[in-house]
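Asker: can you look at this prediction? I've put the sequence above it.
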Amino acid sequence: MEITRQTDYAIRALVHLAGLAPNTRVSTSTISEAEKIPLPFLTKVISHLVKAGLVVTNRGMGGGVSMARPPDEITLLDIIEAVEGPVLLNRCLLREGLCEMEPECGAHAAWEAIQNRLIADLRSVNLSQLADYRKVAKQAK
């Protein structure tokens, strides 16, 4: 399993924003340049993040992108679901009865347990932590 480039860009853009002072607005071109994300791609990513309520955008003079919620309230799960939709290891986990093999499937319970652990792990990491990791990594250089 691998996250998409779009999700990677969303995480990088949000880590960038989380590393700024609260309520700071920054242009998408600034994020694009700093995070080495193609601007057209970033614009698409930002629209997903706006719809999910993770960032807000303002047009015009003094406009830009800013966090909609504090970074410690935004998890990796929030970001992934904003871009990709619900985390599902197998379509049979979408809803009960979707797969006719479910009653006798030996893997169903395992998939469900693994998915639940993955979701819990993604929910346990927030944007503040990622921004802190980045600061430490930059200082170590």
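Answerer: Sure, I can see it. Numbering: from 1, shown residues only.
Asker: for the record, mean pLDDT for stretch 4-21?
Answerer: Averaged across stretch 4-21, pLDDT comes to 96.
Asker: dump the residue contacts of the residue of the chain positioned farthest from its centre.
Answerer: Here the chain reaches farthest from its C-alpha mean at Glu104, the gap being 35.0 Å by Cα atoms, centre = their mean. Neighbouring residues of Glu104 by Cβ atoms under 8 Å, 6 or more residues apart in numbering: there are none. In this view, the C-beta of every residue, glycine as well, is placed from N, C-alpha and C.
Asker: pLDDT value on it, please?
Answerer: 71.
Asker: measure how buried Leu122 is and give me the count.
Answerer: Using other Cβ atoms under 10 Å, Leu122 has 16 other residues around it.
Asker: skipping adjacent residues, who's closest to it in space?
Answerer: With sequence-adjacent residues excluded and distances taken as Cβ to Cβ, 6 or more residues apart in numbering, Leu122 is closest to Leu77, at 3.9 Å.
Asker: hmm, Ser66 is touching Leu54, no?
Answerer: No. In this structure, Ser66 is not within contact of Leu54 by Cβ atoms under 8 Å, at 10.6 Å.
Asker: of those two, which one has the most company?
Answerer: Neighbour tally, Ser66 and Leu54, criterion other Cβ under 10 Å: the higher count belongs to Leu54, 24 against 16.
Asker: who are the contact partners of that one?
Answerer: Leu54 makes contact with 14, 67-69, 74, 78-79, 82 under the criterion Cβ under 8 Å, 6+ apart.
Asker: pick out the most distant pair among those.
Answerer: Maximum pairwise distance in the contacts of Leu54, criterion Cβ to Cβ, is 13.2 Å, between Met67 and Ala82.
Asker: if we can go back for a sec, how distant is whichever strand or helix holds the residue nearest to Leu122 from the center of its chain?
Answerer: Leu77 is part of helix 76-84, with elements assigned from DSSP states H and E. Distance of helix 76-84 from its chain centroid, counting by Cα atoms, centre = their mean, to the nearest Å, is 4 Å.
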